[in-house]
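1. Any chance you could fold what I've pasted below:
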Amino acid sequence: MARRASSRLNPGIILGAVAAIAVAIFAGKSLLGKKEKSFSDARPIDIKELLENGNSLRGNEYLVKGQIDEKLQWTADRGQLVSVKVETPGGDEFIGIEIPAEFNQLNIDTKQKYAFRVKFRQGGIAVATGINRL
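-> Numbering: from 1, shown residues only. Modelled structure (predicted):
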């Protein structure tokens, strides 16, 4: 007499499917949770105004988008100074931005594009208050 085939699903397949769904949910939540905060409330910087008199921008926050051209200086206790290449209608311009030590955990690479929220202090020096990699 021939045996009948079982119509039940294999428990291993069920466990594998449940594990795959759990991994997909966990990965989706972790990717959505890492969404960077937007700088939509920051006004884009007017490069012409900065070049004419950077001190006039003192105390205000602006958005600077550009590519890291060069790391000029780095110290563990004071942060780093970078040169950022910003595209303008008149050609590329370079801005020095001080990145405070509170951002030392970020891996700022040359030739990478970033959006910086900067605040200008005395002397027209741009200090980063927020950084997002583009």
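2. And for Gln80, nearest residue in space, chain neighbours not counted?
-> Ranked by Cβ to Cβ, 6 or more residues apart in numbering and with sequence neighbours excluded, the top spatial neighbour of Gln80 is Trp74, at 4.0 Å. (Each C-beta comes from the backbone N, C-alpha and C, glycine too.)
3. In the chain, where's the longest strand?
-> strand 61-75 (DSSP state E).
4. Distance from the chain centre to that strand, please.
-> 12 Å (Cα atoms, centre = their mean, to the nearest Å).
5. quick one: contacts of stretch 101-119?
-> 39, 42, 45, 59-71, 75-80, 82, 84, 97, 99, 126-134 (Cβ atoms under 8 Å, 6 or more residues apart in numbering).
6. again, 7 Å this time
-> 39, 42, 61-71, 76-80, 82, 97, 99, 126-134 (Cβ atoms under 7 Å, 6 or more residues apart in numbering).
7. Buried subset of these, written for PyMOL?
-> Remark: buried members of the contacts of stretch 101-119, expressed as a PyMOL selection using 16 or more other Cβ atoms under 10 Å:
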select buried, resi 39+42+61+62+63+64+65+66+67+68+69+79+80+82+97+99+126+127+128+130+131+132
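8. can you give me the strands for this structure?
-> Counting by DSSP E, the strands of the chain are 43-44, 61-75, 79-88, 91-99, 113-121, 125-133.
9. Least confident of the ones you listed, on average?
-> With a mean of 84, strand 43-44 has the lowest mean pLDDT of these.
10. Quick check: which helices or strands does that one pack against?
-> Under the contact criterion of 3 or more Cβ pairs under 7 Å, 6 or more residues apart in numbering; DSSP states H and E, strand 43-44 touches strand 61-75.
11. send the alpha carbons of the strand it packs on over as PDB?
-> What follows is strand 61-75, C-alpha atoms only, in PDB (Å, rounded to 0.1, in the frame of the first residue of the first chain):
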ATOM      1  CA  GLU A  61      22.600  80.800  10.600                       C
ATOM      2  CA  TYR A  62      22.900  79.900   6.900                       C
ATOM      3  CA  LEU A  63      23.000  76.800   4.800                       C
ATOM      4  CA  VAL A  64      26.200  76.000   2.900                       C
ATOM      5  CA  LYS A  65      26.200  73.100   0.400                       C
ATOM      6  CA  GLY A  66      29.500  72.100  -1.200                       C
ATOM      7  CA  GLN A  67      32.300  69.700  -1.500                       C
ATOM      8  CA  ILE A  68      35.200  69.300   1.000                       C
ATOM      9  CA  ASP A  69      38.200  70.500  -0.900                       C
ATOM     10  CA  GLU A  70      40.800  70.200   1.800                       C
ATOM     11  CA  LYS A  71      41.200  69.600   5.600                       C
ATOM     12  CA  LEU A  72      43.200  72.500   6.800                       C
ATOM     13  CA  GLN A  73      43.700  71.700  10.500                       C
ATOM     14  CA  TRP A  74      42.500  69.200  13.100                       C
ATOM     15  CA  THR A  75      42.900  69.000  16.800                       C
END
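12. Many thanks, I have nothing further to ask.
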